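*Asks:* here are the coordinates; sequence isn't available:
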């Protein structure tokens with residue numbers, strides 16, 4: 001994967017283990033899946049994930065591979081994690097996030113999807129469609145573990161923009 005500068009530009013390639021161990025800044029994609037009723041697909045990460053295992057997430061996505069551009073990474077992640085292919089990516093913006101586990105520059109997309117969801121067993125424990133209000137309630141509930149980067153990144157680009165509810 002590529003270590004990136006403050007503007008999200010690639011600097012050098014390192015193994016994923018080096019990136020995680022050093023919490024090095026990297027590129028990532030986040031893709032919110034929305035159905036024709038305006039519901040958001042929310043999933044729970046498996047307990048074996050290397051970062052934030054078992055947390056709830058309202059976006060698919062992940063680390064951009066070396067030499068991969070953000071839209072291609074987003075399409076790859078959607079296909080791998082949720083079995084979604086052949087969709088049009090709606091670019092929602094870019095944002096940065098950093099904590100003690102993650103340092104990233106993210107490209108954020110939204111897709112419309114009413115087809116089947118097929119979870120990648122190593123990544124997704126379960127998932128379901130939620131109304132916008134349910135997602136907001138989940139985010140606001142301190143008893144529910146929600147991916148902190150998803151909350152921060154998607155809040156930065158107004159995740160409710162264009163959704164019903």
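*Replies:* Good, I have the coordinates. The structure displayed is predicted, hence computed values, not measured ones. Numbering: from 1, shown residues only.
*Asks:* low-confidence ranges, the protein, go.
*Replies:* 164-165 (pLDDT under 70).
*Asks:* and the residue nearest the centre of it?
*Replies:* Centroid-nearest residue in the chain: residue 30, 3.2 Å away (criterion: C-alpha atoms, centre = their mean).
*Asks:* my guess is that one contacts residue 150, does it?
*Replies:* Yes. The pair residue 30 and residue 150 qualifies as a contact (C-beta atoms under 8 Å) at a distance of 6.5 Å. C-beta here means a position set from N, CA and C on the backbone, and glycine is covered the same way.
*Asks:* shared neighbours of these two, anything?
*Replies:* Residues touching both residue 30 and residue 150 (C-beta atoms under 8 Å, 6 or more residues apart in numbering) are residue 59.
*Asks:* beta-bridge partners for the residue nearest to the centre of the chain, please?
*Replies:* Note on residue 30: beta-bridge partners by DSSP bridges are residue 61, residue 108.
*Asks:* how near is it to residue 105?
*Replies:* Using C-beta to C-beta, to the nearest Å, we find residue 30 at a distance of 11 Å from residue 105.
*Asks:* try residue 43
*Replies:* 23 Å.
*Asks:* residue 124 - nearest residue in space that isn't next to it in sequence?
*Replies:* Spatially, and ignoring its direct neighbours in sequence, residue 124 is nearest to residue 43 (4.8 Å; C-beta to C-beta, 6 or more residues apart in numbering).
*Asks:* point out the other helices and strands that the helix or strand encompassing the one you found packs with.
*Replies:* Following DSSP states H and E, the helix or strand that holds residue 43 is strand 40-45. If contacts are counted by 3 or more C-beta pairs under 8 Å, 6 or more residues apart in numbering; DSSP states H and E, strand 40-45 sits against strand 26-34, strand 56-57, helix 70-82, strand 124-130, helix 132-140.
*Asks:* same thing but at 7 Å, please
*Replies:* Packing partners of strand 40-45 (3 or more C-beta pairs under 7 Å, 6 or more residues apart in numbering; DSSP states H and E): strand 26-34, strand 56-57, strand 124-130, helix 132-140.
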